[in-house]
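S.K.: The following comprises the amino acid sequence and a computationally predicted model.
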Amino acid sequence: MSKRLLLIGGNFAPELTGIGKYNGEMIRWLADNDYDCTVITSFPHYPQWKVQAPYQKSRYWFRKEVTGDARITVHRCPQYIPSNPSGKKRLLMDFSFALSVTAKSLQQLFTRKADIVVVVAPPFHLGLLAMLYKKIRGARFLYHIQDLQIEAARDLQMISSPFLIRSLFRMEKYILRHADIISSISDGMMKKVREKTEREISFFPNWVDVVFFHPLANREQIKTEYGFAVTDKVILYAGAIGEKQGLEAILQVADSMKKERRVKFLICGAGPYREQLRRQAVSLQLDNVHFRDPEPFDRFNCLLNMADVHLVIQKASAGDLVMPSKLTTILAVGGLALVTANEHTSLHTLVKENNIGIVIDADSPEALKEGICLAINKKQEHITRNARQYALNYLAIDKIMSRLDQVIRAST
């Protein structure tokens with residue numbers, strides 16, 4: 001039996017990374033499996049922090065799109081997008097989006113009822129709109145947490161006001177109390193959410209398309225296509241270039257490894273700190289560090305297969321507050337992931353217990369250098385085999401989305 005679903009979220013396809021990627025893939029899967037989906041979201045802007053083509057001309061007003069044989073309707077809402085997103089500017093961005101998304105959500109109260117309304121946080125406060133829809137239309141409310149936004153903003157010192165932090169936590173607790181289903185993407189995040197609400201939290205990890213992302217045999221040839229020598233050891237960071245990643249450590253390590261001529265560092269992505277990072281690399285005269293724009297989706301599997309080592313870096317203060325989405329695609333291609341995660345975090349436990357990568361201490365350039373040397377100087381085929389098998393066993397999109405489908409149908 002067909003179900004009607006309303007998704008309210010800050011990011012959506014065609015964004016190729018982060019929450020927008022997963023929201024887009026989730027809705028496409030649901031539409032292919034007998035759901036009529038309506039999405040209220042923003043214009044694509046992440047990780048570049050500016051509205052992307054071909055949406056620039058319509059970014060100041062609402063826009064409606066119908067795709068997927070009319071089973072997916074997308075309402076895009078305007079918002080302020082800062083090119084350099086500081087804490088205050090992000091608050092302003094969230095506030096501007098809250099205004100426009102509220103207007104569009106109120107319109108949905110007078111259309112055909114959805115069976116379930118889904119909010120993917122962040123932005124966490126969108127849960128208030130789902131609560132309103134639930135109260136007036138009687139739909140069920142699923143609240144899925146990708147990042148612990150308030151804790152991250154506090155610990156990364158993006159918000160310093162204790163009063164504001166307390167107010168945001170009270171609002172979040174209010175939302176959690178009224179959600180019918182609460183879910184998250186990692187054991188550590190589920191534990192933290194459970195401490196807030198003392199309710200059962202469903203586990204829906206970020207998935208990966210294990211058919212599209214797969215190991216390739218011609219990795220040496222791919223290296224030459226990207227301008228590297230076959231003998232080069234390519235250390236790749238591919239993803240958002242933001243504050244919580246702590247990517248300055250890459251430059252420190254590259255500076256200390258200048259004499260290792262075969263070791264090349266490639267930073268591929270976009271974000272508010274990219275230009276600052278590039279300027280630092282120039283000032284340090286790091287000719288072993290290369291920057292590249294985000295790779296088109298149809299070439300991304302080749303890029304990942306080309307690298308000898310994949311860096312999954314974030315600051316220790318991020319801890320269990322975020323789970324890096326880039327790790328899923330690295331595992332799917334059988335890549336060798338070098339992960340910064342301190343003990344007792346869920347990311348450390350996941351990688352260590354399943355032997356799917358090399359784990360090092362966060363915020364330590366010395367540990368990062370040691371990990372890179374270990375990765376390139378010692379055979380690690382057992383880790384890369386485990387990585388691919390883990391993706392096949394636990395991260396395949398059909399397996400995870402089928403469980404989500406069962407939960408939705410059981411609740412409605």
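M.R.: Structure received.
S.K.: just how off-centre is stretch 53-60 within its chain?
M.R.: In terms of C-alpha atoms, centre = their mean, to the nearest Å, the centre of stretch 53-60 is set 23 Å apart from its chain centre.
S.K.: Show me which residues of it are buried.
M.R.: Neighbour-count burial for stretch 53-60 flags residue 59 (criterion: 16 or more other C-beta atoms under 10 Å). In this view, the C-beta of every residue, glycine as well, is placed from N, C-alpha and C.
S.K.: okay, how far is it across it, tip to tip?
M.R.: Using C-alpha to C-alpha, to the nearest Å, the end-to-end distance of stretch 53-60 comes to 14 Å.
S.K.: Stretch 338-350 too?
M.R.: 13 Å.
S.K.: for stretch 328-344, same thing?
M.R.: Across stretch 328-344, the terminal residues are separated by 20 Å (C-alpha to C-alpha).
S.K.: for the record, mean pLDDT for that stretch?
M.R.: Stretch 328-344 shows a mean pLDDT of 94.
S.K.: go on, stretch 290-301?
M.R.: For stretch 290-301, mean pLDDT is 93.
S.K.: Contacts made by it with the rest, please.
M.R.: Applying C-beta atoms under 8 Å, 6 or more residues apart in numbering, the external contacts of stretch 290-301 come out as 16-17, 47-48, 212-214, 216, 238, 264-270, 274, 277-278, 281, 303, 329, 333.
S.K.: Narrow the residues you listed to those in helices?
M.R.: Judged by DSSP state H, the contacts of stretch 290-301 include 274, 277, 278, 281, 303, 329 as members of helices.
S.K.: pLDDT score assigned to the second one?
M.R.: Spelled out, it's residue 277. pLDDT at residue 277 comes out at 93.
S.K.: That one touches residue 267, doesn't it?
M.R.: Yes: applying C-beta atoms under 8 Å as the test, residue 277 and residue 267 come out as touching, 7.0 Å apart.
S.K.: quick revisit: now, of the ones in helices among the contacts of stretch 290-301, which are buried?
M.R.: For those, a burial check counting by 16+ other C-beta under 10 Å picks out 274, 277, 278, 281, 303, 329.
S.K.: tell me the two of those that are most distant?
M.R.: Spanning the widest gap among those are 281 and 329, at 25.0 Å by C-beta to C-beta.
S.K.: Tell me which residues of stretch 353-362 come out buried.
M.R.: Buried, per 16+ other C-beta under 10 Å, within stretch 353-362: 354, 356, 357, 358, 359, 360, 361, 362.
S.K.: wait, I meant stretch 405-412
M.R.: 405, 407, 408, 412.
S.K.: what about residue 302, distance to residue 52?
M.R.: 22 Å (C-beta to C-beta, to the nearest Å).
S.K.: again with residue 363
M.R.: Counting by C-beta to C-beta - residue 363 and residue 52 are separated by 32 Å.
S.K.: Residue 92 now?
M.R.: Plainly put, residue 92 is 21 Å away from residue 52 if you go by C-beta to C-beta.
S.K.: could you give the mean pLDDT of stretch 237-247?
M.R.: Per-residue pLDDT over stretch 237-247 has a mean of 79.
S.K.: List of residues touching that stretch?
M.R.: Applying C-beta under 8 Å, 6+ apart, the contact partners of stretch 237-247 are 17-18, 46-47, 152, 156, 158, 250, 265-274, 277, 295, 300, 303-304, 307, 310-311, 313-315, 317-318, 322, 324-326, 340, 362-363.
S.K.: Go ahead and measure how far that stretch is from the middle of the chain.
M.R.: On C-alpha atoms, centre = their mean, the centre of stretch 237-247 falls 11 Å from that of its chain.
S.K.: What of stretch 219-226?
M.R.: 27 Å.
S.K.: what do you get for stretch 202-222?
M.R.: That offset, for stretch 202-222, works out to 16 Å (C-alpha atoms, centre = their mean).
S.K.: Extract the C-alpha set from that stretch and format it as CSV.
M.R.: Presented in CSV, the C-alpha positions along stretch 202-222 are these (Å, rounded to 0.1, in the frame of the first residue of the first chain):
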residue,chain,number,x,y,z
SER,A,202,16.4,3.4,16.4
PHE,A,203,19.7,2.8,14.5
PHE,A,204,19.9,3.8,10.9
PRO,A,205,23.5,4.3,9.9
ASN,A,206,24.6,6.2,6.8
TRP,A,207,24.6,3.9,3.9
VAL,A,208,26.4,3.6,0.6
ASP,A,209,25.7,2.4,-2.9
VAL,A,210,28.0,-0.7,-2.9
VAL,A,211,27.3,-1.2,-6.6
PHE,A,212,28.3,2.2,-7.8
PHE,A,213,31.2,2.5,-5.3
HIS,A,214,33.4,-0.5,-5.7
PRO,A,215,37.1,-1.5,-6.1
LEU,A,216,38.8,-1.0,-9.5
ALA,A,217,41.7,-3.0,-10.8
ASN,A,218,43.4,-0.3,-12.8
ARG,A,219,44.4,2.0,-9.9
GLU,A,220,47.9,2.8,-11.3
GLN,A,221,46.5,3.9,-14.6
ILE,A,222,43.9,6.1,-12.7
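S.K.: List the buried residues for that stretch?
M.R.: Within stretch 202-222, the residues scored as buried using 16+ other C-beta under 10 Å are 204, 205, 206, 207, 208, 209, 210, 213, 214, 215, 219, 222.
S.K.: Quick check: mean pLDDT of it?
M.R.: Per-residue scores along stretch 202-222 average to 94.
S.K.: Likewise for stretch 80-94?
M.R.: What stretch 80-94 shows for mean pLDDT is 85.
S.K.: Give me the buried positions along it.
M.R.: 81, 85, 87, 89, 90, 91, 93, 94.
S.K.: What is the most widely separated pair among those?
M.R.: Farthest apart among the buried residues of stretch 80-94 by C-beta to C-beta are 81 and 87. That separation is 15.3 Å.
S.K.: so residue 82 makes contact with residue 90?
M.R.: Yes: contact criterion C-beta under 8 Å: residue 82 and residue 90 qualify, at 7.1 Å.
S.K.: For the stretch 201-350 of the chain, which segments count as strands?
M.R.: Counting by DSSP state E, counting those that start in this stretch, the stretch 201-350 of the chain has strands at residues 202-203, 233-238, 263-268, 289-292, 309-312, 337-340.
S.K.: export those to CSV and tack on distance to residue 102?
M.R.: As requested, these are exported to CSV (distance: least, C-beta to C-beta, whole Å):
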stretch, distance to residue 102
strand 202-203, 27
strand 233-238, 35
strand 263-268, 36
strand 289-292, 39
strand 309-312, 36
strand 337-340, 38
